[in-house]
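Colleague: Below is the structure, and that's it, no one-letter string:
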RNA sequence: GGUCCCAUCGUCUAGCGGUUAGGACGCUGGCCUCUCACGCCGGAAACUCGGGUUCGAUUCCCGGUGGGACCA
């Protein structure tokens, strides 16, 4: 059997990582089986459509490498792939259902439905359409149709018996038919509901594995009844549990952090996001945690999907992102880091590759960068107390002495590069017979004005260059002279 | 409220009748070190509760509790 899976998003202008994960699993399963991955746009609910949303879906899938084989823009033998363009198709199938007696026209208006709702509510009963229009005679129906009365088409659910379906992750699920509502299949404007379009399309597109969010688990029995009525083969169901923001809330639009686009903007790598969400609710059966998309295709299996909802953990994503960053060759890292470095460093006389070198191991996400190197363009105001470090065995007085020694050493130096600086400064340390921190801590402090910096004193001197380094050391000396005198 | 689903460290998870309950993130102690970070080594940290079944339950069954989804 040739595997065909689909990702069927509604174009609501937002792609959070939960949606993306569903797309990923559908893609992985198709590719794992050398099958076909289909993109279908579910826009039957015209009110919810947001401009540009379809483009966002295309863009996100393309960027992450979830390339679809058939879709609105690519075509395929099962098109069209946009539901509203398929509108004529659904009517035909709805008529078939009416003929078979598994669907009926319902002329009940809003007011009647509202009355029904209230009366059921008063008796503390769940809302269920009472089937009044089911009892309409042929003549009555003809009459109403002729009069142009608006109507919907409802699914006629058997009042007896139970429906069972098999889910690949949850196993067999059985529901009493009596608890199911005669749901609307076709709205009064002739548009199918999501519930109906979905079943028809999955069948016509020969989808073998319906991989989707768990929110459809409870409507699946109704879908199954439709498949049965048509005499269609039921696809394999794969329902994936929700991705949660916390124990109480699933990811939502309002929780902006969960949007794929936002993560990219914050300097996360698409590879890390894909890797992380793959692991969120699926495990490969080994303790391996790092995967490229290709490796995921290889390793993926439906059996590894977990039943319980998973809370999205930014910390782990961030860690994974750091892993991917560190694995990059330095040149690649520099390329990615450059725009972020430029946010903080406007000076033109600095070799930015040197900055990338010290940043490489210290970056978990690219947005960390500007804050780490904000001292390069401008020496921040800092307190002489920064020169005091018990561990480095320095205080204001020791630091003053060290900076004076460093200043005269560096003023005399002929070459200004990392190697020379390192050699000369360590020679000074040896000559003075002190712990290296006694020299290097004050140097780093004077050069950066910060308690923590990427890179040490030698590296910073190299980055900043001769003139700026000497100037900053002099500033430090001046500050310390005041502090010690005061 | 009705129906369905779920339940192992704070989080993601392994486990599929007998384990010192494993890994990862995070937290934490140490080493390395030119601060921080990286890296390396260690630590704390979990089977929701109550009944069964069984020689033996984290594991199987029933119920409670908690959480989620769908329908309203």
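Modeller: Sure, I can see it. From a predicted model like this one, the values you see are computed outputs, not experimental measurements. Numbering: from 1, shown residues only, chains lettered A, B, ... in the order given.

Colleague: contacts, neighbours, all on C-alpha from now
Modeller: Will do.

Colleague: The lowest-mean-pLDDT helix or strand in chain A near RNA strand B anywhere?
Modeller: Here the helix or strand of chain A ranked lowest by mean pLDDT, DSSP states H and E is helix A:110-122, holding a mean of 81. Yes - judged by CA under 7 Å from any atom of the strand, helix A:110-122 comes into contact with RNA strand B through A:117, A:121.

Colleague: Following the helix or strand residue A:294 falls within in sequence, what is the next regular element?
Modeller: Taking DSSP states H and E as the criterion, residue A:294 maps to helix A:293-299. Where DSSP H and E defines the elements, the next helix or strand beyond helix A:293-299 is strand A:310-311.

Colleague: That following strand pairs with which strands, parallel or anti?
Modeller: If you go by DSSP bridges, strand A:310-311 pairs up with strand A:243-244 (parallel).

Colleague: what's the neighbour count on residue A:309?
Modeller: By other CA atoms under 10 Å, 17 other residues sit near residue A:309.

Colleague: That one reaches residue A:243, doesn't it?
Modeller: Yes - in this structure residue A:309 lies within contact range of residue A:243 using CA atoms under 8 Å: 5.9 Å.

Colleague: Following the least confident helix or strand of chain A in sequence, what is the next regular element?
Modeller: Criterion used, DSSP H and E; the element after helix A:110-122 is helix A:138-146.

Colleague: centre of the chain versus the helix or strand following that following helix, how much separation?
Modeller: With elements assigned by DSSP H and E, the helix or strand that comes after helix A:138-146 is strand A:152-155. Strand A:152-155 has its C-alpha centroid displaced from the chain centroid by 37 Å (CA atoms, centre = their mean, to the nearest Å).

Colleague: phi, psi of residue A:346?
Modeller: The phi/psi pair for residue A:346 (degrees, to the nearest 10) reads phi -100, psi -20.

Colleague: repeat for the one 4 residues further on
Modeller: Backbone torsions of residue A:350, given as degrees, to the nearest 10, read phi -110, psi 140.

Colleague: contacting residues around it?
Modeller: Contacts of residue A:350 were listed using CA atoms under 8 Å, 6 or more residues apart in numbering, and they are A:463, A:464, A:465.

Colleague: Out of those, who's the most crowded?
Modeller: Most neighbours among the contacts of residue A:350, by other CA under 10 Å: residue A:463, with 23 neighbours.

Colleague: Mind checking what helix or strand follows whichever strand or helix holds that one in sequence?
Modeller: Per DSSP H and E, residue A:463 falls inside helix A:457-464. The helix or strand immediately downstream of helix A:457-464 is helix A:466-485, counting by DSSP H and E.

Colleague: Check which helices and strands that following helix sits against.
Modeller: helix A:396-412, helix A:436-448 (3 or more CA pairs under 8 Å, 6 or more residues apart in numbering; DSSP states H and E).

Colleague: orientation of the first one relative to helix A:457-464 in degrees?
Modeller: The directions of helix A:396-412 and helix A:457-464 differ by 50 degrees, with axes from the mean of the first three to the mean of the last three CA atoms, to 10 degrees as the criterion.

Colleague: what's in contact with helix A:396-412?
Modeller: Where contact means CA under 8 Å, 6+ apart, the residues beyond helix A:396-412 that reach it are A:384-385, A:387-388, A:424-425, A:438-439, A:442-443, A:470, A:473-474, A:476-477, A:480-481, A:483-484.

Colleague: What subset of the residues you listed is buried?
Modeller: The neighbour count (16 or more other CA atoms under 10 Å) marks A:384, A:387-388, A:425, A:438-439, A:442-443, A:470, A:473-474, A:476-477, A:480-481 as buried among the contacts of helix A:396-412.

Colleague: which residue sits closest to residue A:199, ignoring its sequence neighbours?
Modeller: Excluding the flanking residues, the one nearest residue A:199 by CA to CA, 6 or more residues apart in numbering is residue A:223, at 6.4 Å.

Colleague: what's the neighbour count on that neighbour?
Modeller: The tally of other residues near residue A:223 (other CA under 10 Å) stands at 20.

Colleague: what number of residues lie near the residue in the stretch 101-250 of chain A positioned nearest to RNA strand B?
Modeller: Here the stretch 101-250 of chain A gets closest to RNA strand B at one residue, residue A:215, 3.0 Å apart by CA to the nearest atom of the strand. The burial count assigned to residue A:215 is 12, neighbours taken as other CA under 10 Å.

Colleague: Next: residue A:121.
Modeller: Residues near residue A:121, counting by other CA under 10 Å, number 12.

Colleague: Next up, the contacts around it.
Modeller: Counting by CA under 8 Å, 6+ apart, residue A:121 touches residue A:127.

Colleague: Since that was my last question, I'll sign off now.
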